[in-house]
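Q: Turn this into a model:
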Amino acid sequence: MRKQFLFVLTAVTAAVMLGGCNNTKSNTGTNTNTTTQVTETTEAQPAAGGEYNILVVDENDNPVPGVIVQFCTDSMCNLGKTKEDGIAVFAAETPGAYTIHIQGVPDGFAEDETEYVTEESYGQLKLVLKNLSSTGYGDVLKLKNVGIEFTLPEEMKNLKGVLDVTAAPFDEEGRVYVNLSYLGRSREENNEFNKKWVNINYDDEEEFAAYMADAESFYNTVGAQLFYIIGTNHGETVDEIGNLMVGEKALKEITKDPVALGKAGEYEYFLLPVDMEKLGGVKTGDAPQEIIDEYNAMAGLSSDELAKNIRVLGIMKDADPLKVGDTISFDAIGFDGNKVNSADIFAKNDLTMVNLWGTTCHWCIEEMPDVEKLKDDFAAKGCEIIGVCQDADSKLDLATSQLEACGVTYNNYYVDGYHNSVFNIREYPTTYFVDKDGKILAIIVGAEIDKYKTTVDELLAE
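A: Model prediction:
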């Protein structure tokens with residue numbers, strides 16, 4: 001039986017789905033033709049039956065595009081991305097109570113690991129995705145669209161005011177930016193104000209005047225920018241970054257000296273702390289002293305203190321999946337915490353079996369005990385087995401528990417950052433067989449224990 005978990009989207013943040021080998025659902029036995037698949041569902045899939053529309057909106061009832069939604073029946077899991085109308089469409093042969101998970105959210109929204117269930121009839125299920133600005137950022141901001149991870153310093157945690165984070169394209173030439181600012185109003189006040197004025201009728205003079213009066217009062221407090229991060233793929237120097245324009249001003253006219261953060265992929269990143277004195281100073285309005293003190297503590301952080309809390313991970317881009325003849329190269333982290341380059345792993349053996357898996361892939365977990373049984377036999381022939389977990393960078397505890405539950409002793413690794421920029425696989429599990437130089441000699445898709453055996457024998461006999 002060929003069991004596979006098709007994975008066609010390149011950016012997925014997985015929800016907790018499986019606890020380990022002992023908790024996986026087996027589809028063996030009488031149901032011998034079951035195949036678990038994840039297929040593109042941005043458009044309805046051809047099927048007899050009907051459709052489920054999963055509508056995702058924000059707290060102000062605006063549609064949210066770019067949300068990766070998982071739709072699961074007893075035999076199939078489909079992934080779809082919401083379009084501009086906030087809807088991902090799924091087809092089902094028969095109506096039923098199907099489970100829904102939000103697997104990936106755009107920058108600026110909170111992760112949601114809730115399991116939703118559809119009605120037992122075709123129709124629409126509306127899900128509300130919360131903005132980070134209304135729920136709080138936690139300790140780490142992972143801004144995938146711009147390739148940045150920012151660990152909040154203590155001065156930015158448990159605030160009485162609100163941090164506002166913008167992460168977006170900087171211009172039409174490919175540069176990106178992050179802008180962090182502070183507003184001296186509570187999160188509750190901020191949410192109430194935004195909800196009240198979410199749909200302003202600017203043509204209604206009376207309504208617009210009421211909004212302006214309310215806004216003048218609401219923003220009569222500390223409101224100040226803290227820093228920019230600019231990611232450029234144009235090779236600018238530190239000095240040239242300062243000449244980039246923000247509105248009618250160059251960055252160097254509103255910021256302090258840029259600090260180079262490093263390079264990841266095609267992008268170089270620079271931190272530019274905002275110099276509020278160049279903008280006329282901070283207006284405190286009616287802000288209480290505790291708000292002023294809170295802002296001053298954040299504004300007083302040095303560039304070096306901020307920079308050590310920022311990691312550049314690079315921007316994940318769509319790419320063609322790896323094929324036979326391509327070479328794999330990546331920096332890996334072992335589940336023991338040790339860092340290693342793939343070249344060092346591959347150089348030790350004539351052949352290496354690289355088994356790519358994910359914590360939400362049932363068939364990946366199910367095959368692990370059988371893969372473990374191949375370890376010693378393969379090693380004697382000159383082939384090492386390694387696993388590379390595709391979401392362990394964010395699910396390390398879960399992935400570790402799954403390996404332990406399955407009795408896995410072969411080495412497992414993960415790629416720090418956005419894994420699909422390295423592999424861009426579309427199916428789980430996917431297994432590469434590579435030579436000493438990392439050149440791919442064979443690829444097997446699906447949980448195919450017998451094929452692993454014959455492939456190793458054939459490649460080592462050549």
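Q: Helix, strand, or coil at residue 459?
A: helix (DSSP: H, G, I helix; E, B strand; the rest coil).
Q: Could you count how many residues lie near it?
A: The local packing of residue 459 (other C-beta atoms under 10 Å) involves 19 other residues. Just so you know, the C-beta spots here come from the backbone N, C-alpha and C atoms, and that holds for glycine as well.
Q: Ok, residue 377 next?
A: 11.
Q: Same question for it, what's its three-state structure.
A: helix.
Q: the strands in the stretch 1-150 of the chain, which residues?
A: Along the stretch 1-150 of the chain, counting by DSSP state E, counting those that start in this stretch, strands occupy 5-6, 50-57, 68-72, 77-81, 87-92, 99-104, 116-117, 123-128, 140-143, 148-151.
Q: Helices of the stretch 351-462 of the chain, start to end?
A: Per DSSP state H, counting those that start in this stretch, the stretch 351-462 of the chain carries helices over the ranges 362-381, 396-405, 449-461.
Q: The strands of the stretch 1-150 of the chain into a markdown table, with extra columns for mean pLDDT, mean neighbour count and distance to residue 232?
A: Formatted as a markdown table, these follow (pLDDT from 0 to 100; neighbours: other C-beta atoms under 10 Å; distance: least, C-beta to C-beta, whole Å):
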| stretch | mean pLDDT | mean neighbour count | distance to residue 232 |
| --- | --- | --- | --- |
| strand 5-6 | 36 | 22 | 36 |
| strand 50-57 | 95 | 19 | 32 |
| strand 68-72 | 79 | 23 | 28 |
| strand 77-81 | 73 | 23 | 28 |
| strand 87-92 | 91 | 22 | 33 |
| strand 99-104 | 80 | 21 | 26 |
| strand 116-117 | 92 | 14 | 40 |
| strand 123-128 | 94 | 14 | 36 |
| strand 140-143 | 85 | 18 | 16 |
| strand 148-151 | 91 | 20 | 13 |
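Q: Indicate which one of those strands is closest to residue 199.
A: strand 50-57 (13.4 Å; C-beta to C-beta).
Q: tell me the contacts of residue 452?
A: Contact analysis of residue 452 by C-beta atoms under 8 Å, 6 or more residues apart in numbering lists 353, 371, 374, 431, 444.
Q: are any of these buried, and which?
A: Taking 16 or more other C-beta atoms under 10 Å as the criterion, what is buried in the contacts of residue 452 is 353, 371, 374, 431, 444.
Q: Between all of the residues you listed, which two are at the greatest distance?
A: Taking C-beta to C-beta, no two of the buried ones among the contacts of residue 452 sit farther apart than 374 and 444, at 12.8 Å.
Q: Tell me, how many residues neighbour residue 268?
A: So residue 268, with other C-beta under 10 Å, has 21 neighbours.
Q: do you know how far residue 328 is from residue 334?
A: Applying C-beta to C-beta, to the nearest Å, the value for residue 328 to residue 334 is 17 Å.
Q: These two: who's more crowded?
A: residue 328 (20 against 14).
Q: Below-threshold pLDDT in the chain: ranges please.
A: Within the chain, the ranges that satisfy pLDDT under 70 run 1-20, 22-48, 73-79, 316-320, 416-427.
Q: so residue 210 sits in a helix?
A: Yes: assignment of residue 210 by three-state DSSP places it within a helix.
Q: Quickly note the distance from it to residue 188.
A: Applying C-beta to C-beta to residue 210 and residue 188 gives a distance of 21 Å.
Q: These two - which one has more neighbours?
A: residue 210 (14 against 10).
Q: Tell me how far that one lies from residue 197.
A: Relative to residue 197, and taking C-beta to C-beta, residue 210 is found at 9 Å.
Q: same question, residue 408
A: 54 Å.
Q: Compare these two (neighbour count), which wins?
A: residue 408 (19 against 15).
Q: Surely residue 84 is in contact with residue 65?
A: Yes: in this structure, residue 84 is within contact of residue 65 by C-beta atoms under 8 Å, at 4.9 Å.
Q: between these two, who's got more neighbours?
A: residue 65 (14 against 9).
Q: Surely that one touches residue 83?
A: Yes: contact criterion C-beta under 8 Å: residue 65 and residue 83 qualify, at 5.8 Å.
Q: dump the residue contacts of residue 441.
A: 324, 351, 433, 434, 435, 459.
Q: right, I mislabeled it, should have said residue 242
A: So residue 242 contacts 250, 251, 252, 255, 257, 258, 272 (C-beta under 8 Å, 6+ apart).
Q: which of the residues you listed sit farthest apart?
A: 250 and 257 (13.3 Å).
Q: okay, now residue 308: neighbour count?
A: 11.
Q: Identify the residues contacting it.
A: Per C-beta under 8 Å, 6+ apart, neighbours of residue 308: none.
Q: again, but for the one 3 residues further on
A: Residues counted as contacts of residue 311 (C-beta under 8 Å, 6+ apart) are 148, 149, 150, 151.
Q: wait, doesn't residue 263 sit right on residue 312?
A: Yes: counting by C-beta under 8 Å, residue 312 is a contact partner of residue 263 at 7.1 Å.
Q: of the two, who's got more company?
A: Counted by other C-beta under 10 Å, residue 263 and residue 312 do not tie: residue 312 has more neighbours, with 20 against 13.
Q: mind checking how far that one is from residue 203?
A: 45 Å.
Q: Residue 434 pairs with what?
A: residue 352, residue 440 (DSSP bridges).
Q: tell me the contacts of it?
A: Contacts of residue 434 by C-beta under 8 Å, 6+ apart are 328, 346, 351, 352, 354, 440, 441.
Q: The fourth one: neighbour count?
A: By other C-beta under 10 Å, 24 other residues sit near residue 352.
Q: helix/strand/coil for the residue of the chain positioned farthest from its centre?
A: Relative to the centre of the chain, and counting by C-alpha atoms, centre = their mean, the farthest-placed residue is residue 206 at 43.4 Å. Assigned by three-state DSSP, the conformation of residue 206 is helix.
Q: now the one 10 residues further on
A: Secondary structure state of residue 216, per three-state DSSP, is helix.
Q: What are the neighbouring residues in contact with it?
A: By C-beta under 8 Å, 6+ apart, residue 216 has no neighbours at all.
Q: Roughly how far does it sit from residue 134?
A: Applying C-beta to C-beta to residue 216 and residue 134 gives a distance of 22 Å.
Q: Same check on residue 239?
A: 39 Å.
Q: what's the answer for residue 127, then?
A: Distance from residue 127 to residue 134, by C-beta to C-beta: 16 Å.
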